[in-house]
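Undergrad: Curious how this folds, go ahead:
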Amino acid sequence: MKSYLHKLIILNFLFLSQCYSQHETSKYYITDMRGDVFLEMEINNLQSNNGPLYIRILDENEDPVIVGTSSVINYSAKISFDSISPGKYAIQFFHDENENQKMDFNLIGIPKEKFGSSNDVKPVFGPPKFEKMLFEIYEDKKIVMQPVN
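TA: Numbers count the residues shown, from 1 in each chain. Prediction:
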């Protein structure tokens, strides 16, 4: 089941990567969510301008509600989402510098590419804990994040 979900997410990333523009800020209108909250994200201190940044926003049940990509300009990426419903969410991202449309890992499972999550949660012997990534959004919000070094 997880393999199927991962493939579905990658397909969503591929579709959205064809839709995003080359402007500094990408804008997505998520009309099917019918919310009225605006979320602006900025991810700084990336290693290069090569390749897109893949982003996904999950609800409190760990279900992906938004997936998107953003170009990297001046070692940072900005992306905005409109029409988000109020609630609890978590954000995950990775920088696909080699543009192979997946996150690369070394032989022992450590990511080779920069990645991060909301609340700048750092992994400890595995992926970051989902509960620590959750944040509440009830009004327009701007979030600034950094990749894991």
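
Undergrad: Would you enumerate the residues in contact with the spatially most central residue of the chain?
TA: Nearest residue to the geometric centre of the chain (CA atoms, centre = their mean): I55, 1.9 Å. Taking CB atoms under 8 Å, 6 or more residues apart in numbering, we find I55 in contact with M41, I66, V67, G68, T69, S70, I79, I91, Q92, F93. Glycine gets a C-beta too; all of them are placed from N, C-alpha and C.

Undergrad: Which of the residues you listed ranks first by neighbour count?
TA: S70 (28 neighbours; other CB atoms under 10 Å).

Undergrad: and that one, backbone torsions?
TA: When read as degrees, to the nearest 10, the backbone of S70 gives phi -150, psi 140.

Undergrad: Let me see the contact set for F135.
TA: By CB under 8 Å, 6+ apart, F135 lies in contact with K88, Y89, A90, S118, N119, I143.

Undergrad: Now do it against G51, distance only.
TA: Distance of F135 to G51, given as CB to CB, to the nearest Å: 26 Å.

Undergrad: what's the answer for E62, then?
TA: Computed with CB to CB, the distance linking E62 and G51 is 26 Å.

Undergrad: sorry, back to before: are any of the contacts of F135 buried, and if so which?
TA: Buried positions within these, assessed by neighbour count (16 or more other CB atoms under 10 Å), are Y89, A90, S118, I143.

Undergrad: With adjacent residues omitted, what lies nearest to the first one?
TA: Put plainly, it is Y89. Leaving aside its chain neighbours, Y89 sits nearest to I57 (5.4 Å; criterion: CB to CB, 6 or more residues apart in numbering).

Undergrad: Cheers, nothing more for now.
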